[in-house]
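Engineer: sequence? don't have it. structure:
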């Protein structure tokens, strides 16, 4: 038992009772969110997720705090006393009318609510600190010249082959653990496993990304002479801080890291628990490569203990989330990511429409490829729409008794026309016209990739123009919907969102733009009726390809 | 009193009790969200917000319903009985563990939860029906040739002057009501009021948008020869359905309508109650103009009764929200818009940094313009950062007693360095270097527009490159941050988001892209190791400017 606490108020009473009862947890509800590192309401105040007794000195209660010095100090004192007595403590806000009901259940479920008092200080930085570090280093990464970013990616490619043994032995640990626990399916085990040849092709892929990186950040997209000596440029810049969440596949880590470096973005990586050892060494190698230009911290590996939901709460710190994995993962993240944009697609319900003027050979070839080439892919066909006229045939067929016995089974009716089978399984439906095919796809499709097979160019162009999907194809397999096949170089993913990037996304999906205006002291008053200047708005050639390196480098 | 209901179950008991007590509202909590128009879980099932007794026939309970026919039928029967007896009824889900606490308070607050049983059927369509109608007509609008969209906008411009008298008399009604209730400030009254000259300049603005519209939808951005007879195009297409929410300013309506038409988007408009009469007639004129090409329904005016929060729940039906109004409006909408992207900026905390190598004349001119030209604008300066060296002066000044008496007041210390004053008010802070200015802006700015004043080109280029804001200016007023001044033509708004559109946004902010692939029966198997084809990925000139009109029109 720690020293006795004198019961002066409800806080000390609660602490005393909790310890006497040997309670596991004491929840102290207050009228502020928890403990801050600076006076609450000040510019820099950050809520502390966890408070370690050793950190006590670094806390400013602040005279401006609404809660007053006394109130919070008494709470903290009581909390520390309870902690010494073996009871954990959470101080949280209990006054918010809408969430009060949740606070207690959320705390009990271990969610990040209020401030948790803990004896054990984890070794590494918190995820908030990691995000800050990544953003700062990311800004330096963005201001390097393209060749330096390319250097880093090549260094990473080298390390993948040089340190092959270390990587494979870490991966072996993960594989053994996965096999022993027996919780991963053979397919997942295969995705978890790395081999010498996998590392080699990874390394080759990285070198390709290094090449694309030369042409990404700082590209001038538009130049305008606004007026004499007043020139405007729109240039590409990184988005900022990316959060990439990936499942068992550890080869994702170097790939995504290379894409982030190529585009000058900071990166938070969250991999699956089952690949923890492999991810750790791959991340070390990425940081080693980043070190050659002093930007080691631009890529951070987030602890596997962090919940995706908690990461999504960092909405002011993370600019884009990219989930790489099952459509279930993407759906979960889209739901959790309040306010943070998500680049990805949760569904790929792709259609092939065979028009009555289709070439039967082409149709058969395209249908087979769209469905069977890789049925689990998001760009595989799920529903085949057939023009009604194709059902009619002048030939009358009679079935012998044995053949008839095979015909007694007709396909079962679909439960939903919105199904993504992801397997050697599909739905066939009849439509009366191209227009009806379009209506069907608009109603049941996921705006991913849809195909028309026809020899009639008019019909094809109508379909291509009217159909509102990210990818619309004429006489080609839906499987072409892919960054590599489109010739975009490095593929970031496929997006079914309607803003920013749509369809297969290359490196440019990780870029945004900024406007740079260079003047000579101009003001808008100079352009008023009384002013001496007039707007020219002349479009200038985007000759000088890269911006901002005229005098620096 | 209606006929007696026999008490067979808890539903009929509740209905009987509620009516006997003359309760205003009976809340029946069930294990489904409410009443659907089709069997819950089926492809087409939609939750009914409101159920009118006359509609009873159109409901399918469905044998597949988890709730079973009996359960829901009994509830509906009891609800209808209670309604006849003068008690309103809501059937809602009471089993969702996280929200149960909210359900009852939300219903009492009049939010759209579950199904509300009402005697009075409103005259017009529901907002869901309006959105559907807009999307369908919007697709036709998008498939018109650019000249047709331009026609519509010009027709609208004509109507604004032809029907001037009708518009001004509707506006007079709104003004009189506003003056009588006395709830609008003089500034807001001024924004509400229309005049003959305002309508003329609106009409001129619309004609400019009609010109920009020629070059928006269907523009080819990229062409690639993927392989022989397999050509890929990336073309611009409308985003889909826009929701624009605007405050008292009714001139917003024709402007925003013209932008939507120019970009081929469907549009839901939600204006302020105070401008209801003016908005109604302006919307009628917009629909009249749309009718000339059969797309009247592409623009819908949402009833002023609809809450913004309820509109934001239409997340699968609305693709982009554009708030036009105060930063408070934008913040509210950003908070409410879960999952729907919002184009706008809630804050404009712009900085001017005066370097020690600045020209004092230019600095004075730029500072005055940045702060004083229009202090309420989002691109006005809020914080002036001054290099420390500029504070030193070799001249020693002594103050006479009267002068000294004026000097006893120094500016009060800021409460927060993150303040947007929006008035003739600003903060001045000293920094040690350009680097410190950048750090300050990154920490306290809103990434809107930031300016450096210096004669040193090296310093300027470092600032322009390293600073991570949407607009970065050298020796020019922050007030240039504006679509018109940038030469973008029609301005949609200014965005501080990091994806999609950033900074001043022209018509292209209302566009997305789609990929069109034209082949000859190719499959990806043709490109496999056993296949006969190889990828070429040749970049083709974007010569033929518009896509898709080769054979149609």
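Structural biologist: Good, I have the coordinates. Source: prediction; values computed, not measured.
Engineer: what residues go with each domain of chain A?
Structural biologist: A:10-117, A:127-336 (automatic domain parsing).
Engineer: enumerate every residue touching residue A:209.
Structural biologist: Applying Cβ atoms under 8 Å, 6 or more residues apart in numbering or on different chains to residue A:209 gives the contacts A:153, A:255, A:258, A:259, A:262, A:489, A:490, A:507. In short, each C-beta sits where N, CA and C put it, glycine included.
Engineer: now the residues you listed as CSV including pLDDT?
Structural biologist: Formatted as CSV, the contacts of residue A:209 follow (pLDDT from 0 to 100):
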residue, pLDDT
A:153, 97
A:255, 93
A:258, 96
A:259, 95
A:262, 96
A:489, 78
A:490, 76
A:507, 91
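Engineer: is residue A:522 bridged to anything, and to what?
Structural biologist: When assigned by DSSP bridges, residue A:522 has beta-bridge partners residue B:476.
Engineer: that one: neighbouring residues, count only.
Structural biologist: Counted by other Cβ atoms under 10 Å in any protein chain shown, the residues lying close to residue A:522 total 26.
Engineer: same deal with residue A:401?
Structural biologist: Residue A:401: 6 neighbours (other Cβ under 10 Å).
Engineer: quick one: closest of the domains of chain A to residue A:383.
Structural biologist: Residue A:383 lies closest, by Cβ to Cβ, to one member of these: domain A:127-336, at 16.5 Å.
Engineer: buried residues in stretch A:431-442?
Structural biologist: Buried residues in stretch A:431-442, counting neighbours by 16 or more other Cβ atoms under 10 Å in any protein chain shown, are found at A:431, A:434, A:436, A:437, A:438, A:440, A:441, A:442.
Engineer: no no, stretch A:361-369
Structural biologist: A:362, A:363, A:365, A:366, A:367, A:369.
Engineer: contact partners of that stretch?
Structural biologist: With contacts defined as Cβ under 8 Å, 6+ apart, stretch A:361-369 is touched by A:352, A:354, A:381, A:384, A:451, A:453, A:475-477, A:479, B:520-521, B:523-525.
Engineer: of all those, which two lie farthest apart?
Structural biologist: Among those, A:384 and B:520 lie farthest apart (Cβ to Cβ), at 20.1 Å.
Engineer: between these two, which one's more packed in?
Structural biologist: Set residue A:384 next to residue B:520 and count neighbours by other Cβ under 10 Å: residue A:384 wins out with 19 against 14.
Engineer: and the strand or helix carrying the more buried one, how far out from the chain's middle?
Structural biologist: When elements are assigned from DSSP states H and E, residue A:384 belongs to strand A:381-387. With Cα atoms, centre = their mean, to the nearest Å as the basis, strand A:381-387 stands 31 Å off its chain's centre.
Engineer: between the contacts of stretch A:361-369, which sits nearest residue A:394?
Structural biologist: If you rank the contacts of stretch A:361-369 by distance to residue A:394 using Cβ to Cβ, residue A:354 comes first, at 18.8 Å.
Engineer: in the sheet, who's paired with the closest one?
Structural biologist: Applying DSSP bridges to residue A:354 gives these bridge partners: residue A:386, residue A:453.
Engineer: thought it was touching residue A:388?
Structural biologist: No: contact status for residue A:354 versus residue A:388: not in contact, 11.0 Å apart, counting by Cβ atoms under 8 Å.
Engineer: more neighbours, these two?
Structural biologist: residue A:354 (25 against 12).
Engineer: so who does the more buried one touch?
Structural biologist: Contacts of residue A:354 by Cβ under 8 Å, 6+ apart are A:363, A:367, A:384, A:385, A:386, A:387, A:390, A:453, A:454.
Engineer: which SSE is residue A:258 in?
Structural biologist: Assigned by DSSP H and E, residue A:258 belongs to helix A:252-262.
Engineer: what residues does the following helix or strand past that helix touch?
Structural biologist: Using DSSP H and E, the next helix or strand after helix A:252-262 towards the C-terminus is strand A:266-270. Outside strand A:266-270, the residues that touch it by Cβ under 8 Å, 6+ apart are A:127, A:130-131, A:134-135, A:137-139, A:141, A:238, A:240-246, A:253, A:256-257, A:260, A:279, A:283, A:298-302, A:304, A:306, A:308, A:311, A:318.
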